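Novice: Sequence and computational prediction follow.
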Amino acid sequence: METDWSGSFYNYLPEGCRLCYKGAKMVLFITGICGRNCFYCPVSYERREKDAVFANERRVEKEDDVIEEAISMGATGASITGGEPLLKLERVLRYIRLLKKKFGKQFHIHLYTALAPGKDVLVSLRDAGLDEVRFHPPPDMWENIQMTPYRNSIINAYELGISTGIEIPSIKSDLYGILSLLEEVDGFLNLNELEFSETNAAELEKRGYVPENDISMAVLESRDFAGSVKGKKMHFCSSVFKDAVQLRERFKRIAKRSARDFDEITDDGTLVYGVIEGDGQYILKEAGVTEDMFAAREGSVETAWWIASDLADELKEKGLNVYVIERYPMKNGMVVEKTPL
């Protein structure tokens, strides 16, 4: 069993997870509509039960938005999620075809579903280009999954050549039926560390779950239970990985493609640069700063943080405000910190 610093461990990684570890998977949120009301659902109030599409954090208004987002991060694959994406099957098929046409067959696409789709739906997904499917049966079906519609759906997906697995939260339960079914189809089991969120905290507390410690949102013993599961193809994904590693690696990929000559990329994939409020261009030019090392904006000038720092006293003498900005690397990314000089 391999373990990484984030607390995740595995004896097998599906291709979708391999790309996720590299930050190379674009998250394509198809719809917030679901209707399942799983007590552990972490989907935000902004998205829950709302029929909207997001590519990563970007609201999708047109198909080009999805392509632009994939290009901005150098994505080599996409994960299709929700809500319940298969409630909008035609939308799912359209986006799979769009991505495969633009980036080629090698662009890896996996899909999460809490449904047990029939063979006709699975055929349409395969024919569109779906590479991998991750089933999410409700907890009350885990123990006797062999007696539920998920059995046929999982076997059909496997026989159609779609890489097949089950992905569920790591909750203490009887997983014998799930493990035996997965052995039949050489499928994988992904266990996600259960964690508190704004939208599920009340339900988790009602059921007696408590945080791991004062600073963690992870649920106590969720990781320990995963460690006790003996699956042939098993992966435990920690909350730290999802919150830190996955996002950070994606930010790094975006930053490398979007950084200007004067932007500094941090270890977290954010961009750091200096901002001069007002007309500071002439001072920069008088100081010998070349045009590739600053960019004029309406009412301000952006430059390297160290240039802004070196010239801060002179700039402030002219009545200009000077700051160092750290922000997320995507277009119009959120400002993390604004430090006056």
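Specialist: Here it is on my side, so go on. Every value quoted in this text rests on a predicted model; they were computed, and no experiment measured them.
Novice: so where do the helices sit in the chain?
Specialist: For the chain, the helices defined by DSSP state H cover 15-21, 63-72, 89-103, 119-128, 149-159, 176-184, 201-206, 222-228, 239-240, 246-258, 281-286, 305-310, 312-317.
Novice: got the buried residues for the first one?
Specialist: Which is helix 15-21. Buried positions in helix 15-21, judged by neighbour count with 16 or more other C-beta atoms under 10 Å: Gly16, Cys17, Leu19, Cys20, Tyr21. Where C-beta positions appear, they are placed from N, C-alpha and C, glycine not excepted.
Novice: which residues are contacting it?
Specialist: 10, 13, 25, 76-77, 79, 108, 110, 131-132, 134, 163, 190, 235, 237, 245-246, 249 (C-beta atoms under 8 Å, 6 or more residues apart in numbering).
Novice: on that earlier part again, can you redo the buried residues of helix 15-21 as TSV with pLDDT?
Specialist: Formatted as TSV, the buried residues of helix 15-21 follow (pLDDT from 0 to 100):
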residue	pLDDT
Gly16	93
Cys17	93
Leu19	93
Cys20	90
Tyr21	89
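Novice: Which one of the residues you listed is nearest to Pro85?
Specialist: Gly16 (14.3 Å; C-beta to C-beta).
Novice: roughly how far apart are the closest one and Met334?
Specialist: Look at Gly16 and Met334: by C-beta to C-beta, to the nearest Å, they are 27 Å apart.
Novice: State the distance from the nearest residue to Gly7 once chain neighbours are set aside to Arg47.
Specialist: Closest residue in space to Gly7, ignoring its immediate chain neighbours: Ser238 at 3.8 Å, by C-beta to C-beta, 6 or more residues apart in numbering. From Ser238 over to Arg47 the distance is 23 Å, taken as C-beta to C-beta.
Novice: okay, the two: which has more neighbours?
Specialist: Between Ser238 and Arg47, Ser238 has the larger neighbour count (other C-beta atoms under 10 Å), namely 24 against 19.
Novice: how about that one, phi and psi?
Specialist: For Ser238, the backbone dihedrals (degrees, to the nearest 10) come out as phi -80, psi 160.
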